[in-house]
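S.K.: Just to be clear, the model below is a prediction. Sequence and coordinates:
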Amino acid sequence: MVMLLLLSAPLAGALFLGFTGNRRWAPEVNVIVSAATFVAAIWLTGFTLTMGPVLFLGQQFFVDSFNVFLVALTAFVGFTTALFSRAYMRVEVQHARIGGGRLRLYHGLYQLFIFTMLLALTTNNLGILWVALEGAMLATVLLVSLYRTPGGIEAAWKYFILCGVGITLALFGTVLLYFAASKLLGSEGTNALLWTRLEQVRGQLDARVLSLAFVFLLVGYGTKVGLVPLHHWLPDAHAEGPAPVSAVLSGLLLNVALYAVVRCKILVAGAMHSGLAGNLMMGFGMLTMTLAAFLLWRQKDIKRLFAYSSVEHMGIATFAFGMGGPVANFAALLHMTVHSLTKSSLFFTAGQAAQWAGTQVMEKIRGLLKLNPSVGWALMLGTLAILGMPPFGVFTSEFLIVITAMRDHPWATPFLLLTFVVAFGAIFFRVQAIVFGETPQPQLPRGSRLVTVFAQLALVLMLGLYIPPHLAQWYRDAAQLIG
C-alpha cells in the first residue's frame with residue numbers, strides 16, 4: 001500500500017497536471033501532490049526502520065536503510081521546491097517568459113521527474129533502474145529548454161547528447177552484469193537483475209566480467225553525477241533552466257545517479273575482493289573536485305557558479321564512497337544530505353535574486369542586503385554552509401572525509417585541502433560582493449518567500465551541531481550495508 005502511494009501520487013499528478021497545469025490553481029495542486037508524496041515517504045521510512053529491509057510487489061521493489069533515507073530526502077526537497085516554484089513560476093508568467101502551454105509542461109514534467117527519481121531509488125531491478133534514469137533525463141531535457149531561448153535549447157541538446165552517451169554506456173554495463181549473473185541465475189530470466197538476488201551470489205559472479213561492467217557503469221551513471229570528463233552538460237543545464245529545475249537537478253538527480261554507482265560498487269567489491277571499484281571512484285572523485293574548484297574562478301553567471309560547486313561536491317562524495325569503510329560512508333551519506341538541502345536553497349535564493357535583477361550575471365547583481373535583507377542573508381548563509389564553514393553540516397561531513405583520508409590515504413589530503421581553499425575563495429568573494437556591494441540604483445526592498453530556504457538551512461545547521469540518535473543510527477546502518 002505505502003509503495004503504491006509513494007509512486008502513484010507523483011505519476012497521477014504528472015498525468016493530471018499535464019492537462020491542467022496552466023490553470024490558476026495548478027501550483028497549489030503541484031504542492032498538494034508533492035506533500036502527499038512526502039507523507040508516503042515518511043510512512044515508508046517508518047515502516048522500513050521498524051521492519052528492516054522490505055520487498056514489495058513480487059520482489060520488484062526493495063527498500064533498505066540505504067535507499068530509504070534517499071527516498072525521504074528526495075520527497076522532502078521535491079516538496080520544498082514545489083512550494084518555492086508556486087510563487088516563482090507565477091512571476092515568470094507575469095513577465096511573459098513562459099506561457100500557459102509551457103507552464104502546463106513544467107508542472108506535468110516536474111511530477112514525472114519526481115516519479116522517475118523515486119522509481120530509480122526503490123526498484124529492485126537494475127534494468128528498471130536504468131529505465132528510470134533514462135526517463136528522468138528525458139523529462140529534465142524538456143524542463144531545461146522551457147524558456148525556448150537559444151542558450152536554453154543549446155544546453156538541452158548538450159544535456160541530451162552527453163547524458164545519452166552516458167546512459168548508453170550504463171546500458172552496456174548493465175548487459176554485462178546480466179551476462180555475469182545469467183551463468184548462475186539464467187533460469188530466473190529477468191529476475192537475474194534483481195539486486196537482492198545478485199547480492200546473495202555476488203561472491204560467485206565472474207570477477208573479470210564485473211570489473212569491465214563497473215567501468216561502463218561508473219562512466220555511464222557518473223555522467224549524470226557530473227563526474228569529469230563528461231560533466232559539461234551540468235553547468236549549462238543549471239544556468240538555462242528555471243531555478244526550481246536547477247534545484248532538483250542539483251539536489252536530487254545527482255544523488256540518485258551516485259546511488260546507482262554505489263549499488264554497483266557493492267556488487268563488484270563483493271565479487272572481486274579487491275579495491276578496484278573503490279580506487280576508480282576515488283580517482284574520478286579526486287579529478288572532479290579538483291578541476292571543478294579551479295573552474296569556479298572562471299564563472300560570471302551566478303547559477304553556473306553554484307552548478308560547478310555541485311560538480312565539486314559530488315566529486316567529494318564519490319571520493320568518500322570510494323574510500324569506503326564505516327566513517328567514510330557515514331560522511332558521504334551525510335554529505336549527500338546536507339549538499340541537497342543547501343544547494344537547493346542556494347538555487348532558490350539565486351533564482352529569486354536573478355529574477356529581480358533581470359540577469360544572472362553576478363557583476364550586475366549588487367546590494368542584496370539593502371534591497372531585501374532576507375534574500376541577502378539567505379544567500380550569504382547558504383554560501384557559508386556550502387563552503388563548509390562551521391558549524392554547518394557540510395563542515396562536519398568534510399571534516400570526517402579529511403580525517404579518514406589522512407588515516408587511510410595520506411596522499412589525498414593535500415588535494416582535498418587545496419580543493420576546499422580554492423573553492424572557498426572563488427565563491428565567497430563573489431557572493432560577498434553580491435550581498436554587501438553597493439547597488440547602482442537605489443531600489444525599494446521587495447517581498448520574498450524564502451521560508452523553505454531558512455527551514456532547510458536550519459536543518460543543515462542542526463546536522464552540524466547535533467545529529468539525532470535515530471538519524472545517526474540510520475546513517476550507520478546504511479554505511480555498514482555499503483561496506
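M.R.: Looks like it came in fine. Numbering: from 1, shown residues only.

S.K.: where are the low-confidence patches of this structure?
M.R.: In the predicted model, the chain carries pLDDT under 70 at residues 186-190, 439-449.

S.K.: how's it carved up into domains?
M.R.: Under the assignment named as automatic domain parsing, the residue ranges that make up the domains of the chain are 1-124, 149-274, 293-483.

S.K.: who wins for proximity to residue 280 among those?
M.R.: Of all those, it is domain 149-274 that lies closest to residue 280, at 5.8 Å by CB to CB. Using the backbone N, CA and C atoms, a C-beta is placed for each residue, glycine as well.

S.K.: So for that closest one, first residue to last residue, what's the gap.
M.R.: Chord length of domain 149-274, first to last residue, is 49 Å (CA to CA, to the nearest Å).

S.K.: what's the answer for stretch 47-65, then?
M.R.: Where stretch 47-65 starts and where it finishes are 11 Å apart, if you go by CA to CA.

S.K.: mind pulling up the phi and psi values for residue 61?
M.R.: Backbone torsions for residue 61, taken as degrees, to the nearest 10, come to phi -130, psi 140.

S.K.: In this structure residue 97 contacts residue 147, no?
M.R.: Yes: using CB atoms under 8 Å as the test, residue 97 is close enough to residue 147 to be in contact (6.0 Å).

S.K.: Quick check: which element contains residue 59?
M.R.: Of the helices and strands defined by DSSP states H and E, none includes residue 59.

S.K.: my read: it touches residue 193, true?
M.R.: No: distance between residue 59 and residue 193: 11.4 Å, which falls outside the contact criterion (CB under 8 Å).

S.K.: Pick out whichever of these two has more residues nearby.
M.R.: Looking at residue 59 and residue 193 with other CB atoms under 10 Å, you find the greater number of neighbours at residue 193, namely 24 against 14.

S.K.: Let me know the distance separating the more buried one from residue 166.
M.R.: Using CB to CB, to the nearest Å, one obtains 19 Å as the distance from residue 193 to residue 166.

S.K.: again with residue 115
M.R.: The span separating residue 115 from residue 166 equals 21 Å under the rule CB to CB.

S.K.: and if you look at residue 56?
M.R.: Using CB to CB, one gets 29 Å for the distance from residue 56 to residue 166.

S.K.: Now tabulate the domains of the chain in CSV and tack on distance to residue 134.
M.R.: Rendered in CSV, the data for these read as follows (distance: least, CB to CB, whole Å):
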stretch, distance to residue 134
domain 1-124, 8
domain 149-274, 5
domain 293-483, 20
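
S.K.: Which helix runs longest in this structure?
M.R.: Longest helix of the chain, by residue count under DSSP state H: helix 150-185.

S.K.: need the strands for the chain, in chain order.
M.R.: Under the criterion DSSP state E, the chain contains strands at 54-56, 61-63.

S.K.: Determine which stretch of these is the most buried.
M.R.: When neighbours are counted by mean count of other CB atoms under 10 Å, the highest per-stretch mean among those falls to strand 61-63, a mean of 21.

S.K.: how much distance is there from it to the middle of the chain?
M.R.: 20 Å (CA atoms, centre = their mean, to the nearest Å).

S.K.: that older thread, please name every helix or strand in contact with the longest helix of the chain.
M.R.: Counting by 3 or more CB pairs under 8 Å, 6 or more residues apart in numbering; DSSP states H and E, the packing neighbours recorded for helix 150-185 are helix 126-144, helix 195-200, helix 207-225, helix 233-240, helix 254-272.

S.K.: Using TSV, lay out these together with distance to residue 49.
M.R.: Converted to TSV, the helices and strands packed on helix 150-185 look like this (distance: least, CB to CB, whole Å):
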stretch	distance to residue 49
helix 126-144	23
helix 195-200	19
helix 207-225	27
helix 233-240	33
helix 254-272	19
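
S.K.: Show me the one of those helices that comes nearest residue 462.
M.R.: Between residue 462 and the helices and strands packed on helix 150-185, the shortest separation by CB to CB is 19.7 Å, and it involves helix 254-272.

S.K.: now that closest one and helix 207-225, what's the angle there?
M.R.: With axes from the mean of the first three to the mean of the last three CA atoms, to 10 degrees as the basis, helix 254-272 and helix 207-225 are set at 170 degrees to each other.

S.K.: got a list of what residue 5 touches?
M.R.: Under the criterion of CB atoms under 8 Å, 6 or more residues apart in numbering, the contact list for residue 5 reads 36, 40, 43.
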